[in-house]
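# sequence unavailable; structure follows:
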């Protein structure tokens, strides 16, 4: 027997604030119901139990009560309000309608009395043996917009709340949005706008808008319920009738899972920072498997450390050698005098466990595990063994199966790849080695300054959120860009990213977005790619900028830190090429940028500088044949006027204003304004012969992300900056 | 009074073939109805007229008949089949339901007799003065899936047929698809799959699938109707009830427009070819406004012609000079002895009309109008004047407001921009000068061989379809890539592109895709951007590859001609970097490529070449530390096995297989296979340090589109090739 039978109607009350936020007074009720279900070995709640749980959390369900007499039924119905639905309650009668046990739309007390009798008689006739507990009197609902609110448990992100419209069409279109639970009221509100069919809630074709606060409150309450009770693994309110009068869940389905989730090792923020600072900014590095022999990984690591210009101590560890590349060698880290900050492993997989134990005994806080041959080749036990050693000795593991890492402020190249020396403020990481090499190549080629490049490989321990926590407090890093195929602990990542992205932009390229990509990721690193819509929504919820392609990841990492934070949404395009103006406008829409509606006075001010056949408005089309002064005057005006927050430049190569003349004048005006305290994001698209490439490079070097032959990339970079600024609450 | 009253029930019959394709026997009926409406000064048909028109074209509508007596009503109802709907017919009673003049679900003859009487009485009571013509007896329909079929008249594309699901949600999501009318049955079928909610028609959640042939037949018939009768400017069948039993239009709305559409000048294919061949491949060129003075456009044109290496005759035209840059000058083209193929104008707008008249008198078939100052600056009359002269003398006009054009096979640089000399097979055009300059810069930088670059500017005459017609038969062109902000005659473009794209890939970047872009285009060139969904669908219908960005346009133009046409859909990824494999797989989905499901024997064959911890399957992950032979063996296998049709390579920079070693071995294997008659598309993504850039360049030069630091662009290029091959019916 289900729990609801032991509770009277009175006990179900919940106090609500006016905006629908529940004051959950009776968590014990839910606890009892769940314990009861567990004791009975059930993995789901009955519908009445589900409704009780909803009651406690202020999730509106139709009012109902179990009447054992006709008089009681009429009394309940009067309390609930007409019309009502009457339903037979009997453990033996499952098909209530078939038994003649349901009456809908009962309109007054007299009809309820008569209906009670009819239903009881029908039930007796249907099954004379049935134990008739009475008749359920239920508020009759319907109308408005049918929506679905639910909750799921994701292996990586944990509890998520879901929202979508009801109906088959929505199912076909997969128009559902997710947020991490618990969700704030703002999160819940954003879900109402987060579906493609959002218009439907606003009342279309004469339909009435729904009560958004009531619906958002319901979503919020669902998210709190599943967060408070982790054993609720799935919850479905389907349908919820949302109207201008509120949001009522007509049907409740709650699935339970009493298996405790697998605990992930999650050190405190302080511990992460303390250990990561020693690993990433070490003063003393041991190279386990250091070698003097060309072609060996241990040799490449030694060369890179030394040739890269690292100024700390380097301790080669080798079973036999006394000296390697001019440095005294030791048989074991245990033989090295004094502390060591990090040990870089360049030995075969089978020797790692032994050496790692010595690293532990030595009290070294971090191990960089270059060797492959662990989980990625099926050697799961080998990986579990080294993780166990790491936990025993409190060592943080980077890898295994990685290229190592770079930290340029210390000239540290703890990797077997080529040295990298272009210092800057972008920290990048990759799950895969190939992508790491692409980062290095692109960075060098594009002269992108980086603070760090880190390989995460199998992510047996250190993962994206550890890096975020380190880079958050790293004074040498302004932006963090990460490639990943999965998130081992999406919940930890999301919580960390939500905090870090308020201070520094976080860009993520999630590989394995698609079904085929996910399959490849699974075969590559055993990555659990997960539902991409969840990644999409959680990234947005946490202020993470999502890169759609490898190029985007790299261009965003390069461009975003160049741009000052915009102070508002008003973007103006100034272009010498009308055709570029059109494509730049398209790109603004694609990247959710707002082209400012030009005020009349500002329009007139721009018109003064451009030929009569040019077009003011926005884009400001100065036309192609103009001298440098026209670019100068209009750009200066764009920077000076406080109503304009960002500028997109479209340059057209002419003899009158050659590429480098344009590039220099842009930088001059920019510097002139900077001296006057005016800084705004400027990006540029350059259309012209090959000389525009040099001009783009010059502009980029001077703080203006500029691209030859592309109208879309500069706008995408500006769009990413805006996305970050909005997420961080800066505009 | 509307036309239907003059037709009896019997006269409405249409013969249908079994698949729903109408044998339209009675076009005269439609003609009469339309003439009748026109005579009455109406711009729409009545519902009964609309149904008659549908009858003629085999568009199923509910069966119905006008009964003047109860007996007749019962008889009609029996013929039609029960249940039926009864409706009062009276010109004075517009609100039939309000008048008690509608009865639905009438189930038998007796009820019809009674219903007839009731309705007539109600109507008399409602309005004693009303002229009661009788009762309409109508087949009652419903159930199945509600869909909408319609037709619109687009200013550029003319008649289009539209299809979507019914309902508010679909309206909110704008999930409607269009095709040019008349549409073939295949076009109509493709519309059923062309909406996001296509699944709904296949029967979801236990729903029944609709009769696709009946629905496609209905769409096809609608498209024929509006094509046969251009005065039908809009048609709406909303809703159409589609079920497994057929597709019946419950409501018909037909809007008429008797204004004849503006006729566009459209020469015959032969005339276009004849004139365009003389313009694009001239032997004798006049330069009107040729100048010896540096900085003048007429000077730049002369320099470019001469320095570009043009071997034909050049005639400078100048009011005073005797000689310009070593060439004899003439006062007028009329003074030049012999024929001239094309005149390039480099004089101010105000002198163009006069000079153009002389060009006409001289019988020159083409004028390249570089000058600006026409429609784009508001001088619409000036442009109309020169067009009138062109029509009078049968001159084709390129421009005005353009940079001119290049035709490299003749070393012809008829432009004021810098000379361009990298010959190749790609023909590009742009509506805007800025974009033209970007094409030149990119092409030179990327060493993209081009046959032609053409500026179209205001498109007063020559437009995209003229160029398509020329390049279709131009032996020096393999691919045509066009930037446009609008299509002056979308119908002509579509018809031409549908033909040309069967032979040569046609790529189009349509600027002004978005609301802001369209606004900018309108202010830039007065372009009517139109409904982007129509462009999207028509491009697809005509086999045009749509570029989403300027870079895509350029990369597709560069890459597509390098690739042989694939012989099937089976794509295999061979990668040294597992991480690239994942991103490449994602890109395959994005670009609608099919990763081949690897047959067991082929899987085993690949496994022989790769380390045991590598992953066969697809991607074939050969792992990063492999020597050149592993790449060689697997690529050779991929090319040899006839079940594989295309290969995507993911290279990971290592010391063991450096970038140029990889690049050379790929080309070697490719050449070896070519010698054996095996040619398949190969594209490559290169992850590594900057040396991969040289490797990518080498690969590209040898027929393998290859990109450093990008997994998405090479796959997009392959995807575009596939899209073309599918559209052309080659796979």
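Ah, there it is. What you see is a predicted model; the values in this text were computed from it and never measured.
# looks to me like residue A:518 is in a helix.
Yes. Residue A:518 forms part of a helix when assessed by DSSP: H, G, I helix; E, B strand; the rest coil.
# I'd say it and residue A:524 touch.
No. Taking contacts as Cβ atoms under 8 Å, residue A:518 lies outside contact range of residue A:524: 10.4 Å. From N, CA and C alone the C-beta is placed, and that goes for glycine too.
# what segments of the stretch 501-650 of chain A are helices?
A:515-525, A:532-541, A:550-559, A:578-590, A:600-607, A:628-640 (DSSP state H, counting those that start in this stretch).
# next: the stretch 151-300 of chain A.
A:168-173, A:185-192, A:212-228, A:269-280, A:297-307.
# what's the weakest-modelled helix or strand in chain A?
strand A:15-16 (a mean of 44; mean pLDDT, DSSP states H and E).
# distance to residue B:155 added to the helices of the stretch 501-650 of chain A, as TSV?
Shown next, in TSV, are the helices of the stretch 501-650 of chain A (distance: least, Cβ to Cβ, whole Å):
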stretch	distance to residue B:155
helix A:515-525	41
helix A:532-541	38
helix A:550-559	37
helix A:578-590	19
helix A:600-607	29
helix A:628-640	34
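# nearest to residue B:699, out of those helices?
Residue B:699 lies closest, by Cβ to Cβ, to one member of the helices of the stretch 501-650 of chain A: helix A:550-559, at 18.1 Å.
# check which residues of the closest one are buried.
A:550, A:551, A:552, A:553, A:554, A:555, A:556, A:557, A:558, A:559 (16 or more other Cβ atoms under 10 Å in any protein chain shown).
# who's in contact with the third one?
What it means is residue A:552. Counting by Cβ atoms under 8 Å, 6 or more residues apart in numbering or on different chains, residue A:552 touches A:509, A:716, A:720.
# tell me the first helix or strand C-terminal of the one helix or strand residue A:427 maps to.
According to DSSP states H and E, residue A:427 maps onto strand A:423-430. As assigned by DSSP H and E, the chain's next helix or strand after strand A:423-430 is helix A:433-446.
# please name the nearest non-neighbouring residue to residue A:245.
Leaving out its chain neighbours, the residue that sits closest to residue A:245 by Cβ to Cβ, 6 or more residues apart in numbering or on different chains is residue A:211, at 6.7 Å.
# what separates residue A:324 from chain B, distance-wise?
Residue A:324 is 19 Å from chain B, where distance means Cβ to the nearest Cβ, to the nearest Å.
# also residue A:54?
25 Å.
# again, but for residue A:350
Note on residue A:350: its distance to chain B, by Cβ to the nearest Cβ, is 14 Å.
# try residue A:208
13 Å.
# again, but for residue A:413
Counting by Cβ to the nearest Cβ - residue A:413 and chain B are separated by 13 Å.
# quick one: classify that residue as helix, strand or coil.
Three-state call for residue A:413 (three-state DSSP): strand.
# what pLDDT is listed against it?
Per-residue confidence at residue A:413 stands at 96 (pLDDT).
# also residue A:8?
40.
# what of residue A:530?
For residue A:530, pLDDT reads 73.
# quick one on the thing from earlier: quick check, the residue nearest to residue A:245 in contact with residue A:246.
Yes. Counting by Cβ under 8 Å, residue A:211 does reach residue A:246; the two are 5.4 Å apart.
# got the helices of the stretch 151-300 of chain A as CSV, with mean pLDDT, mean neighbour count and distance to residue B:316 columns?
Output for the helices of the stretch 151-300 of chain A, formatted as CSV (pLDDT from 0 to 100; neighbours: other Cβ atoms under 10 Å in any protein chain shown; distance: least, Cβ to Cβ, whole Å):
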stretch, mean pLDDT, mean neighbour count, distance to residue B:316
helix A:168-173, 84, 19, 64
helix A:185-192, 96, 20, 67
helix A:212-228, 97, 24, 72
helix A:269-280, 98, 18, 70
helix A:297-307, 95, 22, 63
